[in-house]
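Engineer: Starting from these lines, generate the structure:
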Amino acid sequence: GGLGLNVGNQKSATSAAVDISQVTNTITASITGGTYSHLNDFITQALIATRQVNAAAAVSAVPKSQETSYAFAGAAAWNEITNENTAKIKGTTIKDTGSVKVTSRDLLYDSDAAEPYQDLLDRDSAEMSFIDKEGKCYYNGLDTATNTADLATVSNDRKGSLIVTAAAAGSGGGVPIGVGFALNKIDNTITSDVTNATIKANDVNINSSDNTLIITVGGGVAVGMSEQHGAGAGSVAWSDVTNAASSKISNSTIDISKLDVYAANEAYITSVSGQISGSIGKGAGGASLAFNKITNSAEADVSGGTISGSGSSAKSARIMAENKGTIVGIGVSGSGSNTGTAVNGVLVINEIKNDSEATIGSTTAKLQKTTTFKNIDNLSVNATDTAKIYSLSGAITAGFKGSGGGAVAVNNITGSTTASIDYGRLDSVGNVKVTATNDSKIMTMGAGFGGAGTFAFDGAATDGDIFRDVTASINNTVATDTSTRIDIDAKSQGTVDS
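Structural biologist: The predicted model follows:
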């Protein structure tokens, strides 16, 4: 965190606080080659649990007696996180095993699954690696920890990393100015991959998911105490999140009772930008900006090779990709002047671009690979998107001579949802469902209020647009059993409420 404070009888006062954080994590869990047989569970997982909190605050003030004094306060909190998480199996033979799990995802930092690792990091300082020259304190007991049920079975409970960034600035004096700027930039790549493998197991689960919660707050306050001057304040809350989740099986021979290939993103942004400016003098002005952007891709794919069902129970295979990005964007601004004019403005911009793709095979002819499913009772290929934006913008102004203010909110959801089977072969497959669904939603509201002795002008405008390409298809595929039932369904039901 950063803190700046400047208070005194001087002609001017300046206070600034800056907090900058840059974190890069690269985590890989990999098994290459080898033969493994007669195991209860075969688990490869790359897990990350992040809790990042950044804050900056600045206060600057000069007493009222200094009529022409200047007070400036600025606070900035800047946070960048890049995570690359990979779990993979390549060229490995696994036989007669209960379950095979390849998992890459983020976790809540205090979850049961993260606890064994957190305990290792929370040991007394006497055991830290700069004293323990071999660094054994970081991994002693880890093998035991990974055998716990909570860690071995990672439920998709929609709880992930927590990122908080806040900046606030306050100033008071003859000519006060307060500005707060908070930025979060997050880039996550989450991958689970099985390549050139031979697997015989009851259950095979390939899972990649990101569930990061991002909170961004920016605030500015300015109080003018001079009858000859005014006051100004501004705030910016900026969030930019890019997530790519990918679960793939390629060129592999897999014998199962149940197969689940799943990729998901559920980034959640809460962003608040606000300012308050007031003056007993000639005027007051302020502005607030809240910008939020989520770019998500979720890809679940089986390409090349053969997936076969075995065993007495019903055999099933699910390939699913889904995006559930959510933005809550709030921008508020208030300005008032006792003897002059008050002006302020608010702009809230929210953008979500989600691409969800669940596929069997390749859509590109020159990358054509025949992918075979046989002896499967239920085969599901499902891509969904349920992006949501909740937006609020408001401006309040009051001036003795006049006031003017405006609040604008712009909201967009774009991207594509695709479910397809290309260059596939379906041998003795019972029910086949290929489904692509869009259920995006925007709720937006803007308001402007003003009051003045002479004139007042305030307004609000909101815009919400949803542009989604939704496709479900089967192309260049052979089905050999006349009893096979195939359902192809593409639907979009996006709504905008304003």
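Engineer: who touches Phe449 in this structure?
Structural biologist: Gly394, Ala395, Ile396, Thr397, Gly405, Asp458 (C-beta atoms under 8 Å, 6 or more residues apart in numbering). C-betas here are computed from N, CA, C, even on glycine.
Engineer: On the strand side of things, show who it bridges to.
Structural biologist: Ile396 (DSSP bridges).
Engineer: How much space separates it from Val346?
Structural biologist: 12 Å (C-beta to C-beta, to the nearest Å).
Engineer: okay, and the common contacts of the two?
Structural biologist: Common neighbours of Phe449 and Val346 (C-beta under 8 Å, 6+ apart) are Gly394, Ala395, Gly405.
Engineer: between those residues, which is closest to Lys433?
Structural biologist: Gly394 (45.3 Å; C-beta to C-beta).
Engineer: Convert the helix or strand hosting that closest one to PDB, retaining C-alpha atoms only.
Structural biologist: Element membership of Gly394 [criterion: DSSP states H and E] is strand 388-399. What follows is strand 388-399, C-alpha atoms only, in PDB (Å, rounded to 0.1, in the frame of the first residue of the first chain):
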ATOM      1  CA  LYS A 388     -24.000 -10.200 -17.500                       C
ATOM      2  CA  ILE A 389     -23.500  -6.500 -17.100                       C
ATOM      3  CA  TYR A 390     -25.000  -4.400 -14.300                       C
ATOM      4  CA  SER A 391     -24.300  -0.700 -14.800                       C
ATOM      5  CA  LEU A 392     -25.200   2.400 -12.900                       C
ATOM      6  CA  SER A 393     -24.100   6.000 -13.600                       C
ATOM      7  CA  GLY A 394     -25.300   9.100 -11.700                       C
ATOM      8  CA  ALA A 395     -24.400  12.800 -11.400                       C
ATOM      9  CA  ILE A 396     -25.600  15.400  -8.900                       C
ATOM     10  CA  THR A 397     -24.800  19.100  -9.200                       C
ATOM     11  CA  ALA A 398     -25.900  22.200  -7.200                       C
ATOM     12  CA  GLY A 399     -24.700  25.800  -7.900                       C
END
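Engineer: Among the contacts of Phe449, name the buried ones.
Structural biologist: Gly394, Ala395, Ile396, Thr397, Gly405, Asp458 (16 or more other C-beta atoms under 10 Å).
Engineer: Please name every helix or strand in contact with the helix or strand harbouring the fifth one.
Structural biologist: This means Gly405. In this assignment (DSSP H and E), Gly405 forms part of strand 402-422. Packing partners of strand 402-422 (3 or more C-beta pairs under 8 Å, 6 or more residues apart in numbering; DSSP states H and E): strand 326-337, strand 341-360, strand 371-385, strand 388-399, strand 424-438, strand 441-452, strand 455-475.
Engineer: repeat that with 6 Å
Structural biologist: Contacts defined by 3 or more C-beta pairs under 6 Å, 6 or more residues apart in numbering; DSSP states H and E place strand 402-422 against strand 341-360, strand 371-385, strand 388-399, strand 424-438, strand 441-452, strand 455-475.
Engineer: quick one: low-confidence parts of the stretch 301-450 of the chain?
Structural biologist: The stretch 301-450 of the chain contains residues with pLDDT under 70 at 337-342, 362-368, 399-403, 450.
Engineer: please redo it, this time with the cut-off set to 90
Structural biologist: 310-314, 324-325, 329-349, 361-370, 391-409, 428, 444-450 (pLDDT under 90).
Engineer: circling back: in the sheet, which strands lie alongside the strand holding Gly405, parallel or antiparallel?
Structural biologist: Short version: by DSSP bridges, strand 402-422 pairs with strand 341-360 (parallel), strand 455-475 (parallel).
Engineer: Show me how far it is from its chain's centre.
Structural biologist: Distance, stretch centre to chain centre, for strand 402-422: 16 Å (C-alpha atoms, centre = their mean, to the nearest Å).
Engineer: Tell me how many other residues surround Gln52.
Structural biologist: 18 (other C-beta atoms under 10 Å).
Engineer: So what angle separates the directions of the host helix or strand of Gln275 and strand 341-360?
Structural biologist: Counting by DSSP H and E, the element that carries Gln275 is strand 268-279. Orientation of strand 268-279 against strand 341-360 (axes from the mean of the first three to the mean of the last three C-alpha atoms, to 10 degrees) gives an angle of 170 degrees.
Engineer: Point out the other elements, helices or strands, that strand 268-279 touches.
Structural biologist: Secondary elements touching strand 268-279 (3+ C-beta pairs under 6 Å, 6+ apart): strand 213-224, strand 230-256, strand 283-309, strand 326-337.
Engineer: Please name the strands paired to it in the sheet, noting orientation.
Structural biologist: Partners of strand 268-279 in its sheet, by DSSP bridges: strand 213-224 (parallel), strand 326-337 (parallel).
Engineer: now the strand holding Gly394: how far from the chain's centre is it?
Structural biologist: The answer for strand 388-399 is 24 Å, by C-alpha atoms, centre = their mean.
Engineer: which secondary structure elements does that strand contact?
Structural biologist: Counting by 3+ C-beta pairs under 6 Å, 6+ apart, strand 388-399 packs on strand 326-337, strand 341-360, strand 402-422, strand 441-452.
Engineer: Same list as before, those that is, but in CSV and with distance to Ser428 included.
Structural biologist: Compiled in CSV, those are given as follows (distance: least, C-beta to C-beta, whole Å):
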stretch, distance to Ser428
strand 326-337, 41
strand 341-360, 16
strand 402-422, 16
strand 441-452, 41
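Engineer: who touches Ile486 in this structure?
Structural biologist: Val432 (C-beta atoms under 6 Å, 6 or more residues apart in numbering).
Engineer: Need the CA coordinates for the helix or strand where it lies. PDB is fine.
Structural biologist: Per DSSP H and E: Ile486 is located in strand 485-492. Written as PDB, here are the backbone C-alpha positions of strand 485-492 (Å, rounded to 0.1, in the frame of the first residue of the first chain):
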ATOM      1  CA  ARG A 485     -30.500 -39.900 -32.400                       C
ATOM      2  CA  ILE A 486     -29.000 -36.600 -33.200                       C
ATOM      3  CA  ASP A 487     -30.200 -33.200 -31.900                       C
ATOM      4  CA  ILE A 488     -28.700 -29.900 -33.000                       C
ATOM      5  CA  ASP A 489     -29.800 -26.800 -31.200                       C
ATOM      6  CA  ALA A 490     -28.600 -23.200 -31.500                       C
ATOM      7  CA  LYS A 491     -30.500 -20.500 -29.500                       C
ATOM      8  CA  SER A 492     -30.000 -17.000 -28.300                       C
END
